[in-house]
Structure formats: C-alpha cells, structure tokens
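Trainee: My questions are about this predicted structure, shown below with the sequence.
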Amino acid sequence: FSPVVLHRQGPAKLLAQRISRERSRCQAGKAQTQTFFDKVQDALYSVDAMRDEFLSRTKLRITGMDNLAKLPESSYFVKPGDWVVITGATEGIGKKAAEFFVKQGTRVTFIGRNKEKCEEVVSELRRIAPISNGTFIAEYLIADFESLHSVEAAAEAIATKAEQEGLKIRCLLNNAGIWPTKFKLTEDGLESAFQVNHLSHFLLTKVLLPHMDQPSRVVSTSSLAHAINPSLDLSDINWRYSPFNSNTNYGRSKLCNLLYAKKLAIELASSNPTATSVAIHPGVVATQLFRDFIPPSSNPNPNPNPNPSPHPTPEADGSVLINESPDTRDVTPQPVIGGPRTPATGGVKGGGDGMRSPLENLAYTVLKSPEEGARTLIYAAVVPQILSGSYLADCEPRQTTAGGRDLEAAQELWDLSIRLLNEKLSVGPMQEA
C-alpha cells in the first residue's frame, strides 16, 4: 500500500470506531429506556392484579360465590379414591387443600420436613377423612427441600409405592415455598429460594411423571410476585456479583415456577397429551410465609421454640397463621372451605384467646385467609377442563407479565435445571455453584 492509502485509512478507521461507539451508546440508551418502560408496565400489571384480587376477595366474602363454589362435585377432575400428592401441606393453603381432598374421599400423600408437624397434620386429617379398605387415606413422607438427595429419596419412595400398589397420581400440587429475608446457600450450594421453590419441585415432578394417571394434572404455586422481575435473569442465581435483594430473589423464584409450568405444558403436549400443567397465584395470604416481616412486638403469643429457624420453612407458601404456634393451635375439625368467619381473625381460626395486635388485625383485613387462598389451588386441581400452560388467580384464568410468557427464558430455565440436577446428584452435595 502507498503512504497515501495508509494515511487515508487512519482517519477512516477512527471515524468507524467513533460511529461504533455512538451506535453502542444509542443502543444502551434504548435498552435503558426499554427496561424503564418494562418496569412501568409490570408495575401497572401488579396494580391491576391487586385491584382484581381485592374485588374478588370482597365479592367472595359478601356472596360466598366464586368459580369453585359453582362447580358441582360430580364434575370434579379429582374423584373419590384418586391419589393426590401435595408439598407444603403442613400449614396454610397446602394444609387446607389437603383437608378438602381427604374430606372428598381422595387419597392424600403430603411431603413435609418436620416430622412433628407432619404427625399433627396427619392426625387432624384422619379425624375428618373417611377410611378406605380399612386404612386411612392420609399419609406423609419426610423430605428437606434444601437437599436434592432428600427430595429424590422421597420421590422415589412415592414411585415405589405406586408400582407396588398399582396406583397412579391424579394430581401433583407443587405448593411448598419460602421467602428468605437473608441470603442462604443450601447443602447443594444453591440459593435457598431457587432450590426450594423451583429446583426441588422440578426434580420431584421429573421422578413422578411416569407414575401420573391418564389424565392427570400438575399444579404449581406461583405468585403475583413474578412481576417483580421484568424478565428472568439466571446469570447470577447465587448472588455472587450483586447485593442480595429479598424481594427480587423471591420474585425470581416465582417467575421460575410460572415459566416451568408453561414449559412443562409444552413437554407434556408431546410426551403425555392427557396430562396438563398450570400455575396459580393464591393471593396475598396471611400465612407463616410472612413471619420474618412481622415485628416481634406484634406477636403476643410467641413460639416457645428457643431456636427458631432464621428462614421460613419449605412448607411456608401456604403455612399457618402469623401468630399461631403448635402449642395453641385449635385442632378441632372445622368446615374446610368457606367456614364461618370470626371477628377476631377475619375468617381465620387462630390460637389463644383470639386477640390480635392492631397490625395483625390490619393484616387479616387486607390479606386472604388460608381458606380463601387455598381456593384457587383447589380449583386448578378439580376443574374438569383447563388449558394446559394457563395461569389462574381467584379461580379464574389471568394474564401474566411479558416475562411470564417468555418461552425462550422457560427453555433456558429448563436446560439449567437439568444441568444442575445432573451435576448435584451425580457427585453428592457440593459447594457453591
């Protein structure tokens, strides 16, 4: 090349570099603008969803009617004698769902971490449950959802039972969940909410799918909190590169629940067309899930346990009342769904003398009771026909955020989940991923 050509290439290269920098700045600005509007859109979605939830809750409390109440029992998808498996059934909405099903004559197997709680619940269920062929239809298995090996063992125990007794699971309710207020790794080296709320249920479902009935249904408890995150970011599930944020962390796990349910629906369409997968939002329910957010001074009857867990337990997505301890809980059988309301609890039967602090009275006025929160979970399980991949709230199909409809993100989550299970279960508990 001549000196003249080289001289001309120098300024041209500089100009190209400048154009490239300006283009990158414009693209970054557009991305920031898009992110801003995504957040605004999701905020408006949340406001609309909360308004709809308030109106539906008020209508239910006044009229006692919703889509579940309108369903004749003879049309239920889950029939007497069918088998239902539930996680998170020792407390809250999961427990209310278990009570509903055993009252209908459905066989219920629930999974819990605390043996004492499980024994209490199974005793309560057997007081209201019919006896089938000389045996009770309520039983439990112990598993810690912060341990993949523990969940795998419980799932395999259910699978073995199905094979030995010739049983098929009609409905699997993936309901257990936690909302940790502090960062915590599980024994598998994963952030606790991601593992408990999503990955452990992914594993449980994976093992149990071959033992599902035809037709059958998988119901995953998601949440309106999925709107906290405009999109699913799996690049830092263990918060190594950014400060831990409890709300963002919980919202991500609920977005995982929603996207998993949608991706599972796609997979089932080809592998088992008679099976359906749906996700639900139970509403903002007054349960133990929020106990870390209630000031200790508002609890007049604190749990006497000298070593309380710093995080909600894996059964907490539908757990017991904010101010209820095992020592004071009333275990007298009550109407399961739509029972009489009491002034002190706003419809939730509590322990002690029924007196609550002003903060708790406000909570029970604004929030749903576990009975009310369980209705959508139950409806999703028993409604005769339902669109696979749908999302329900207040016993009705609802739209999700754009992030909740991102099938590419759902595929990414699916692939990551398979990879993590292969890694963690092949070599035993590991350090941080």
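Mentor: Nice, thanks for sending it over.

Trainee: so where do the strands sit in the stretch 101-250 of the chain?
Mentor: Assigned by DSSP state E, counting those that start in this stretch, the stretch 101-250 of the chain shows strands spanning 107-112, 131-132, 135-136, 138-142, 169-174, 212-221.

Trainee: mean confidence score for the fifth one?
Mentor: To tie it back to what came earlier, the one meant is strand 169-174. Model confidence over strand 169-174, given as mean pLDDT, is 98.

Trainee: How far does it sit from its chain's centre?
Mentor: Relative to the centre of its chain, strand 169-174 is centred 14 Å away, using Cα atoms, centre = their mean, to the nearest Å.

Trainee: Using CSV, list the CA coordinates for that strand.
Mentor: Taking C-alpha atoms only, strand 169-174 is exported to CSV below (Å, rounded to 0.1, in the frame of the first residue of the first chain):
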residue,chain,number,x,y,z
ILE,A,169,-51.2,-40.0,40.8
ARG,A,170,-54.1,-38.0,39.6
CYS,A,171,-52.8,-34.6,40.7
LEU,A,172,-49.5,-33.3,41.9
LEU,A,173,-49.6,-29.9,43.8
ASN,A,174,-46.2,-28.3,43.9
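
Trainee: between it and strand 212-221, how many degrees?
Mentor: 20 degrees (axes from the mean of the first three to the mean of the last three Cα atoms, to 10 degrees).

Trainee: what about the residue nearest to L234 when sequence neighbours are not counted, neighbour count?
Mentor: Setting aside the residues directly before and after it, L234 is nearest to L416 in space (Cβ to Cβ, 6 or more residues apart in numbering), at 5.7 Å. C-beta: built from backbone N, CA, C; applies to glycine. Around L416 there are 16 other residues, counting by other Cβ atoms under 10 Å.

Trainee: Return the distance of L416 relative to N422.
Mentor: L416 sits 11 Å away from N422 when distances are taken as Cβ to Cβ, to the nearest Å.

Trainee: quick one, which of the strands of the stretch 101-250 of the chain is nearest to A49?
Mentor: Put simply, out of those the one that sits nearest A49 is strand 212-221, at 15.7 Å, with distance taken as Cβ to Cβ.

Trainee: Show me what that closest one is packed up against.
Mentor: strand 169-174, helix 246-271, strand 275-281, helix 370-382 (3 or more Cβ pairs under 8 Å, 6 or more residues apart in numbering; DSSP states H and E).

Trainee: Which positions in the second one come out as buried?
Mentor: This means helix 246-271. Burial within helix 246-271, assessed by neighbour count using 16 or more other Cβ atoms under 10 Å, is assigned to 248-266, 268.

Trainee: So which residues of the stretch 1-150 of the chain form helices?
Mentor: 3-63, 67-70, 92-103, 115-128, 148-165 (DSSP state H, counting those that start in this stretch).

Trainee: Pick out the shakiest of these, pLDDT-wise.
Mentor: Considering those one by one, the lowest average pLDDT is found for helix 3-63, at a mean of 66.

Trainee: hmm, back to that, I'd like the strands of the stretch 101-250 of the chain as CSV, with mean neighbour count and distance to H149 appended.
Mentor: Putting those into CSV (neighbours: other Cβ atoms under 10 Å; distance: least, Cβ to Cβ, whole Å) gives the following:
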stretch, mean neighbour count, distance to H149
strand 107-112, 26, 14
strand 131-132, 12, 32
strand 135-136, 12, 29
strand 138-142, 18, 13
strand 169-174, 26, 19
strand 212-221, 23, 22
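
Trainee: Any chance of a markdown table for those, columns distance to M65?
Mentor: Written out in a markdown table, the entries for those read as follows (distance: least, Cβ to Cβ, whole Å):
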| stretch | distance to M65 |
| --- | --- |
| strand 107-112 | 26 |
| strand 131-132 | 32 |
| strand 135-136 | 33 |
| strand 138-142 | 29 |
| strand 169-174 | 24 |
| strand 212-221 | 22 |
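
Trainee: which intervals of the stretch 151-300 of the chain have sub-threshold pLDDT?
Mentor: 287-300 (pLDDT under 70).

Trainee: Look up how far D406 lies from W414.
Mentor: Look at W414 and D406: by Cβ to Cβ, they are 12 Å apart.

Trainee: hmm, I was thinking of Y241
Mentor: In this structure, Y241 lies at 22 Å from D406, with Cβ to Cβ as the measure.

Trainee: L71 too?
Mentor: Distance, L71 to D406, by Cβ to Cβ: 32 Å.

Trainee: follow-up on the earlier one: give me the more crowded residue out of W414 and D406.
Mentor: When W414 and D406 are compared for neighbours, D406 comes out ahead with 20 against 17, by other Cβ under 10 Å.

Trainee: Settle this for me: that one is touching L234, isn't it.
Mentor: No. Taking contact to mean Cβ atoms under 8 Å, the distance of 11.8 Å between D406 and L234 leaves them out of contact.

Trainee: which ones are touching the residue nearest the centre of the chain?
Mentor: Against the mean C-alpha coordinate of the chain, by Cα atoms, centre = their mean, the closest residue is T221 at 3.3 Å. T221 is in contact with 88, 93, 173-175, 177, 257, 279-280, 282, 317-318, 377, counting by Cβ atoms under 8 Å, 6 or more residues apart in numbering.

Trainee: on that earlier part again, what sits in contact with each of D406 and L234?
Mentor: Applying Cβ under 8 Å, 6+ apart, one finds that no residue jointly contacts D406 and L234.

Trainee: quick one: low-confidence ranges for the stretch 301-433 of the chain?
Mentor: For the stretch 301-433 of the chain, residues meeting the criterion pLDDT under 70 lie at 301-356, 359-365, 427-433.

Trainee: picking that back up, looking at the contacts of T221, which is nearest R61?
Mentor: Closest to R61 out of the contacts of T221 is P282 (16.0 Å), distances taken as Cβ to Cβ.

Trainee: now the closest one, nearest residue through space, not along the chain?
Mentor: G373 (4.2 Å).

Trainee: and the one you found, how far is that from E163?
Mentor: As judged by Cβ to Cβ, G373 and E163 stand 34 Å apart.

Trainee: Looking at these two, which is more packed in?
Mentor: Per other Cβ under 10 Å, whichever of G373 and E163 has more neighbours is G373, with 27 against 11.

Trainee: wait, isn't that one in contact with V285?
Mentor: Yes. Here G373 lies in contact with V285, judged by Cβ under 8 Å, at a distance of 3.5 Å.

Trainee: can you tell me which residues contact the residue lying closest to A98 once chain neighbours are set aside?
Mentor: Closest residue to A98 in three dimensions, ignoring its sequence neighbours and counting by Cβ to Cβ, 6+ apart: A89, at 4.4 Å. Applying Cβ under 8 Å, 6+ apart, one finds that A89 lies in contact with 95, 97-98, 108, 110-112, 121, 173, 175, 315, 318.
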